[in-house]
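J.: What would the 3D arrangement of this be:
(one chain, ligands or ions: 1)
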Amino acid sequence: MTDKYTQLVNQGLGRNVAKKLGLPQPAILRRYQPGQPLISGPVLVQGTTPGADTLAAALLAWDLDVRRHAVPRERLGAIILVLDDVAHPGELERPILSVASSLRDLAPSGRFLTVSRPVTDDVTPAEAAARQGVDGFLRSLAMELRAGATGNGILLGDAVETTSPSTLAAVRFLLSGRSAYVDGQFLTVTSPDGQLPADFDRPLAGKVAVVTGAARGIGAAIARTLHRDGATLVLVDIPAAGDHLAGVANELHGTALQLDISRDDAGQRIIDHAVQRHGRLNIVIHNAGITRDKLLANMDHTRWSSVINVNIAAQLRINEALLASDHFASSPRIVSVASTSGIAGNRGQTNYAASKAGVMGMVRAAAPLLAERGGTINAVAPGFIETDMTARVPLVLREAGRRLNSLRQGGQPADVAEAIAFLASDAAGGINGGVLRVCGQYMVGA
Ligand code: NAI
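T.: Down below sits the predicted model:
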């Protein structure tokens, strides 16, 4: 699925015409390739707290070129602003304005990150105002960045430090090309758990992962990304998609399981297949999903119930089977695909939005159940992604969907897959019960 406009405005004549007419100029985004440097250019770490010092030291240990003070007109790969102890909104000005002039030096596809604390019940109103203020600041700044640069935040829960494993893993993910289409978002690190991998290019080595709906689209991209990161795959799809499924399974040396996930015994069938063929099961990615769009006035039982059944009821049933199984007990990871429609709503998608909002509710409530066995469950909510599904959207709506985000383009299936692979890794063990949007800071539901 190509976005010809983005290609056009990145070539000589097209670039000039778009500039003259004031048309959107989406950048070619920096996307991850194994072996490439994490980020090109120095990383400026600003902040005066002990947390800023220890984070800067950790980044130095990754051989990054770390600066604690801006050097005027030096091209920067990233700016990290550590605001982990702000106690009053008045305290935001000095650190924020101290990085303002460095923004001009941020390289194309550069990164701006904040590291701060979330609002919790036990903080004072002034502390809460300062912490929530970081949210408004970051989301607005992300809209001001250009040339494929993105702005995202990391929130450190109780007992989480700037150098806890999942904080560092989140910093790494957000600096890298893996997060190309994640913009204007916050990742909350909920616990100091998690373990950084021996090899950052193969963080899923030794893991057995199940991907549902893997015959095509985003599911096939998830399968390719998990395979690249070292996982052994069980690929699930309906029997009607069997040929495509077998093709993906052969390409990635995984096994195919033809299965309708809405069957009552789907969970057990998945566990049995994974254990019999691969000896274990570590990761389950709930990607399979359907749409049956209609205005509610025209909605019938079949449209409503099929969407609820496949998109959320099946996941609930499969998770129940997983949690009852001794085979899903070694740092288990579940990642579910939600949608920005489930956050903002979407005309004609009452059934779909109910199911996808349901996914996010399920993830929140299931988090403690996974934590009991050292595991996590999270959701990824894609915005407009270039797939067969969105290629069928009428042209005008499609163009609006593509451009109504800060990066002025749709995402690629691989962008969703990268976020899922990150959340499925051992390094993300301290991130539980959250939703990460992969939407280029889609204005819908922002
Ligand atoms: P797709 O329609 O191209 O692929 C979905 C796959 O799931 C197909 O291979 C299908 O056969 C399989 N599937 C459907 N029902 C199944 C069942 N009962 N049992 C087993 N497999 C089943 O869809 P796409 O675009 O790749 O979407 C993947 C996920 O991402 C879905 O959950 C979708 O709701 C979500 N999503 C997609 C967005 C987009 O822009 N394409 C945006 C937001 C969310």
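
J.: In contact with the residue of the stretch 251-400 of the chain found nearest the ligand, which residues?
T.: Residue nearest to the ligand within the stretch 251-400 of the chain: residue 289 (2.2 Å; Cβ to the nearest ligand atom). For the C-beta atoms, the positions are set from N, CA and C on the backbone; glycine is no exception. Residues in contact with residue 289 (Cβ atoms under 8 Å, 6 or more residues apart in numbering) are 213, 310, 311, 337, 339, 355, 356.

J.: how about a cut-off of 6 Å?
T.: Going by Cβ atoms under 6 Å, 6 or more residues apart in numbering, residue 289 touches residue 311.

J.: Please, which helix or strand holds it?
T.: Element membership for residue 289, per DSSP states H and E: none, as it lies in no helix or strand.

J.: Show the low-confidence segments of this structure, by residue range.
T.: 1-2, 14-15, 17-18, 21-22, 444-446 (pLDDT under 70).

J.: let's go with 90 and repeat that
T.: Applying pLDDT under 90 to the chain flags residues 1-26, 35, 40, 63, 70-72, 329-331, 388-401, 443-446.

J.: List the strands paired with the lengthiest strand in it, with their directions.
T.: Counting residues, the longest strand found in the chain (DSSP state E) is strand 106-116. Here strand 106-116 has these sheet partners by DSSP bridges: strand 76-82 (parallel), strand 150-156 (parallel).

J.: closest one to the ligand among these?
T.: strand 150-156 (18.9 Å).

J.: Can you name the element that comes right after the closest one?
T.: helix 165-175.

J.: if we can go back for a sec, distance of the residue of the stretch 251-400 of the chain closest to the ligand relative to residue 343?
T.: For residue 289, the distance to residue 343 equals 15 Å [Cβ to Cβ, to the nearest Å].

J.: most packed of the strands paired with strand 106-116?
T.: Mean neighbours per residue, mean count of other Cβ atoms under 10 Å, is largest over the strands paired with strand 106-116 for strand 150-156, with a mean of 26.

J.: any idea of the angle it forms with helix 165-175?
T.: 180 degrees (axes from the mean of the first three to the mean of the last three Cα atoms, to 10 degrees).

J.: got the CA positions of strand 150-156 in CSV?
T.: Extracted in CSV, the C-alpha atoms of strand 150-156 (Å, rounded to 0.1, in the frame of the first residue of the first chain):
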residue,chain,number,x,y,z
THR,A,150,8.4,13.0,17.0
GLY,A,151,7.7,13.9,20.6
ASN,A,152,6.7,11.3,23.2
GLY,A,153,6.8,11.0,27.0
ILE,A,154,7.6,8.3,29.6
LEU,A,155,5.8,8.3,32.9
LEU,A,156,7.5,6.7,35.8
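
J.: when you scan the longest helix that the chain contains, is anything in it near the ligand?
T.: Looking across the chain with DSSP state H, the single longest helix is helix 350-371. No. Helix 350-371 lies apart from the ligand when judged by Cβ under 6 Å from any ligand atom; the minimum separation is 6.8 Å.

J.: hang on, isn't residue 314 packed against residue 262?
T.: Yes. Under the criterion of Cβ atoms under 6 Å, residue 314 makes contact with residue 262 at 4.6 Å.

J.: The stretch 251-400 of the chain against the ligand: which residues are in contact?
T.: So the stretch 251-400 of the chain meets the ligand at 260-262, 287-290, 310, 337, 339, 382, 384-385, 387-390 (Cβ under 6 Å from any ligand atom).

J.: Make a ChimeraX selection of the buried ones in these.
T.: Buried subset of those, written as a ChimeraX selection, criterion 16 or more other Cβ atoms under 10 Å:
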select :260,261,262,287,288,289,290,310,337,339,382,384,385,387,390
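
J.: Can you tell me which of the residues of the stretch 251-400 of the chain next to the ligand end up in strands?
T.: Counting by DSSP E, those place 337, 382 in strands.

J.: Sitting in helices, which of the residues of the stretch 251-400 of the chain next to the ligand do you find?
T.: Residues of those located in helices (DSSP H): 388, 389, 390.
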